[in-house]
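Student: Here is a sequence with its predicted model. Questions after.
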Amino acid sequence: MSQNNKIGVRTYNFLIEDNSDLIRVDKFLINNIDDISRAKIQKIALNNLILVNNNPVKSNYKLKLNDFVFIKILPEKNNFNIIPQNIPLNIQYEDDDILIINKNAGLVVHPGSGNYDGTLVNALIYHYKNLPLSSSEFNRPGIVHRIDKNTSGLLVVAKNENSMRSLSKQFLERKVERKYIALVWGDVENDGSIEGNIGRHYKNRKLMNVYPDGDFGKYAKTNYKVLQRFGYVTLLECKLETGRTHQIRTHFSYIKHPLFNDLEYGGNKIVKGTTFSKYKQFINNCFKIIQRQSLHAKTLSFFHPVKKEKISFSSDLPDDMSEVILKWKNYTSNRI
């Protein structure tokens with residue numbers, strides 16, 4: 001649970017009710033708050049802004065059942081203003097309460113470290129006034145959920161406070177249905193699911209990692225269905241049961257089927273196939289066409305925040321994914 005007291009200030013409250021949460025308070029907070037580092041938590045603790053049962057604690061405090069945890073996160077001194085920018089929006093649907101955006105690959109959803117402008121949020125506040133703030137993120141007006149910069153596809157935006165509350169609740173209760181199309185390395189034999197906690201990578205904080213023992217990270221589950229096989233790569237439909245950062249990319253990298261041309265998770269090299277120069281040239285040509293991970297958020301279903309009826313949206317694959325899939329189809333048919 002979180003709230004904003006004033007612009008840039010975030011507060012979070014947690015009640016420890018699960019045995020899996022009986023860990024150090026810094027690890028628990030990293031698991032449960034997005035975009036926070038261990039170093040920042042240590043600094044907050046030194047300023048007596050982490051309380052357990054109303055008493056300040058150090059970052060290495062070991063949590064116990066029924067502990068009540070409170071943390072106050074102050075804004076950075078170099079906090080920035082969000083600048084409205086006239087960036088075109090690919091709007092698939094709009095009414096008084098919601099927007100459905102078909103996001104292009106390469107567009108960052110909201111401002112953050114290294115991306116202070118040119119984001120979807122910069123575009124939204126140019127085209128729309130008085131978008132609601134989420135309960136904990138002052139720099140993300142209208143934003144209910146995110147997809148990665150280099151992932152294309154559908155995103156819902158809340159246009160008012162009621163929609164923000166309703167949609168946030170649906171995401172929290174896992175009532176939103178999201179399906180992605182992914183091209184992954186290797187021959188995925190059967191439909192199935194991947195389960196494993198996902199948390200920040202222990203070496204590279206910009207990446208995520210699977211922790212199968214469940215002692216770190218947040219529970220995550222990805223269901224998948226094989227759509228087509230091309231020998232060395234497989235086209236999948238992925239359905240999220242949870243919504244963790246980089247979930248699909250992390251899960252498939254974990255089972256040795258990284259997404260095709262995923263630079264950060266090992267898919268930007270030949271993972272399966274031959275050593276022939278013609279094959280290497282074919283792969284390089286594919287990489288030139290789709291210069292990102294091969295992942296598209298294709299469908300989005302949820303209950304309308306006002307009408308209360310279930311609504312669904314679908315988007316076509318972008319040109320780069322469609323072209324690469326066609327090349328693999330042709331390559332496979334020529335080998336038969």
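Tutor: Nice, I can see it.
Student: residues contacting residue 256?
Tutor: Counting by Cβ atoms under 8 Å, 6 or more residues apart in numbering, residue 256 touches 186, 271. The way it works is simple: take the backbone N, C-alpha and C, and place the C-beta from them, glycine included.
Student: so is it in a helix, a strand, or just coil?
Tutor: coil (DSSP: H, G, I helix; E, B strand; the rest coil).
Student: Ok, residue 280 next?
Tutor: With three-state DSSP as the basis, residue 280 sits in helix.
Student: Quick one, grab the pLDDT at the residue nearest to it when sequence neighbours are not counted.
Tutor: Leaving out its chain neighbours, the residue that sits closest to residue 280 by Cβ to Cβ, 6 or more residues apart in numbering is residue 270, at 6.8 Å. We have a pLDDT of 96 for residue 270.
Student: Residue 35 now?
Tutor: Predicted confidence (pLDDT) for residue 35: 72.
Student: Once you drop chain neighbours, what's closest to it?
Tutor: Counting by Cβ to Cβ, 6+ apart, the residue nearest residue 35 is residue 112, at 7.1 Å.
Student: how is the chain carved up into domains?
Tutor: Using automatic domain parsing, the domains assigned to the chain come out as 2-73, 91-172, 178-335.
Student: Quick check: which helices or strands does the host helix or strand of residue 40 pack against?
Tutor: Assigned by DSSP states H and E, residue 40 falls within helix 38-46. Identification of packing neighbours for helix 38-46 by 3 or more Cβ pairs under 8 Å, 6 or more residues apart in numbering; DSSP states H and E yields helix 25-32, strand 68-73.
Student: could you redo these as a markdown table and give each row distance to residue 290 and mean neighbour count?
Tutor: Output for these, formatted as a markdown table (distance: least, Cβ to Cβ, whole Å; neighbours: other Cβ atoms under 10 Å):
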| stretch | distance to residue 290 | mean neighbour count |
| --- | --- | --- |
| helix 25-32 | 33 | 21 |
| strand 68-73 | 38 | 18 |
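Student: Ok, which of the ones you listed comes nearest residue 237?
Tutor: helix 25-32 (28.8 Å; Cβ to Cβ).
Student: centre of the chain versus the closest one, how much separation?
Tutor: From the chain centre to the centre of helix 25-32 is a distance of 18 Å (Cα atoms, centre = their mean, to the nearest Å).
Student: what angle separates it from helix 38-46?
Tutor: Per axes from the mean of the first three to the mean of the last three Cα atoms, to 10 degrees, the angle that helix 25-32 makes with helix 38-46 is 130 degrees.
Student: just the angle between helix 25-32 and strand 68-73, please?
Tutor: Angle of helix 25-32 versus strand 68-73, following the same axes, to 10 degrees, is 70 degrees.
Student: Check the spacing between residue 288 and residue 187 real quick.
Tutor: 24 Å (Cβ to Cβ, to the nearest Å).
Student: Compare neighbour counts for those two and give me the winner.
Tutor: Using other Cβ atoms under 10 Å, the more surrounded residue of residue 288 and residue 187 is residue 187, with 14 against 11.
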